[in-house]
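1. Model the following, please.
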Amino acid sequence: MSGRTRRLTMAQALVEFLANQHSERDGREQRLFAGCFGIFGHGNVAGVGQALQQYADRLRYYQARNEQGMVHAAAGYARQRNRLATFACTTSIGPGATNLVTGAATANDCLLPVSRYWDRINRPEQLPGSLLEAMRVLTDPAETDPAAYVTIGGAWWDVAVAEVATSEPVREARAGYERNRQTQRPYL
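-> Here you go, the predicted model:
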């Protein structure tokens, strides 16, 4: 790419990033994401839906009818493709996103590539690092373990206590949290 700056929405950057991911084994390279399953609602139709339509030639969209089924289909495809390819899944916030959790938990139990980054992005500058971390988790069998430590944001169950607080009990809880984090092992 030339030295030009391209302006993209967060959703355009996400879809383009997913479309550009590849896996390689024994000298054979293939696309990591065969497409994207989705059910659109108030949380994703304007951004991700528009980006998927705009980049339809790079990341094919498949309409789904059930959120849990999307994840199960993506996990089954990943298993069939020996973890070299999978599908992305998108849904609206709320009950739709909650329905993804069961499929994601099942996939994690089977050590299949399902990322746990559905709500970690709060600001645009978090996207590049989070996407790279998600790809690392997706493509490394050792990192798919649900109990494995994740460097960005901690483990999937790890919810940090606020760093900035004036209340003494909250500050003590944060100090205890930091002490406990230092005892965690990075890999099991």
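2. can you pull the contacts of Gln12?
-> Neighbouring residues of Gln12 by Cβ atoms under 8 Å, 6 or more residues apart in numbering: Ala51, Gln54, Tyr55. Yep, even glycine has a C-beta here, placed from its N, CA and C like the rest.
3. Okay, strands next: where are they in this structure?
-> Ranges of strands within the chain are 22-25, 28-31, 33-38, 61-63, 86-90, based on DSSP state E.
4. Next, the buried residues of the last one.
-> If I follow you right, that is strand 86-90. Thr86, Phe87, Ala88, Cys89, Thr90 (16 or more other Cβ atoms under 10 Å).
5. What pairs with it, parallel or antiparallel?
-> Strand 86-90 has the following strand partners under DSSP bridges: strand 33-38 (parallel).
6. Run through who's touching the strand it pairs with.
-> Under the criterion Cβ under 8 Å, 6+ apart, residues 15, 18-19, 21, 44, 48-49, 52, 59-64, 70, 73-74, 77, 85-91 lie in contact with strand 33-38.
7. Using PyMOL, define a selection of the buried residues within these.
-> Buried members of the contacts of strand 33-38, defined by 16+ other Cβ under 10 Å, are picked up in PyMOL with:
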select buried, resi 15+18+19+21+44+48+49+52+59+61+64+70+73+74+77+85+86+87+88+89+90+91
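8. How far does stretch 37-54 sit from its chain's centre?
-> Relative to the centre of its chain, stretch 37-54 is centred 16 Å away, using Cα atoms, centre = their mean, to the nearest Å.
9. tell me the domain boundaries of this structure?
-> Domain assignment for the chain by automatic domain parsing gives 10-148, 158-188.
10. can you pull out the helices in the protein?
-> According to DSSP state H, the chain carries its helices in the segments 10-19, 50-54, 67-80, 95-109, 127-139, 168-183.
11. how about these in TSV, adding mean pLDDT?
-> Formatted as TSV, the helices of the chain follow (pLDDT from 0 to 100):
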stretch	mean pLDDT
helix 10-19	90
helix 50-54	92
helix 67-80	87
helix 95-109	72
helix 127-139	75
helix 168-183	74
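12. Which of those helices sits closest to Asp26?
-> Proximity to Asp26 (Cβ to Cβ) singles out helix 127-139 among those, at 15.4 Å.
13. Who are the packing partners of the closest one?
-> helix 10-19 (3 or more Cβ pairs under 8 Å, 6 or more residues apart in numbering; DSSP states H and E).
14. pull the CA atoms of the helix it packs on into CSV?
-> This file holds the C-alpha atoms of helix 10-19, laid out as CSV (Å, rounded to 0.1, in the frame of the first residue of the first chain):
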residue,chain,number,x,y,z
MET,A,10,-14.7,1.0,12.4
ALA,A,11,-16.9,-1.5,10.7
GLN,A,12,-15.2,-1.1,7.3
ALA,A,13,-11.8,-1.6,9.0
LEU,A,14,-13.1,-4.7,10.8
VAL,A,15,-14.6,-6.3,7.6
GLU,A,16,-11.5,-5.5,5.6
PHE,A,17,-9.2,-6.9,8.4
LEU,A,18,-11.2,-10.1,8.5
ALA,A,19,-11.1,-10.4,4.7
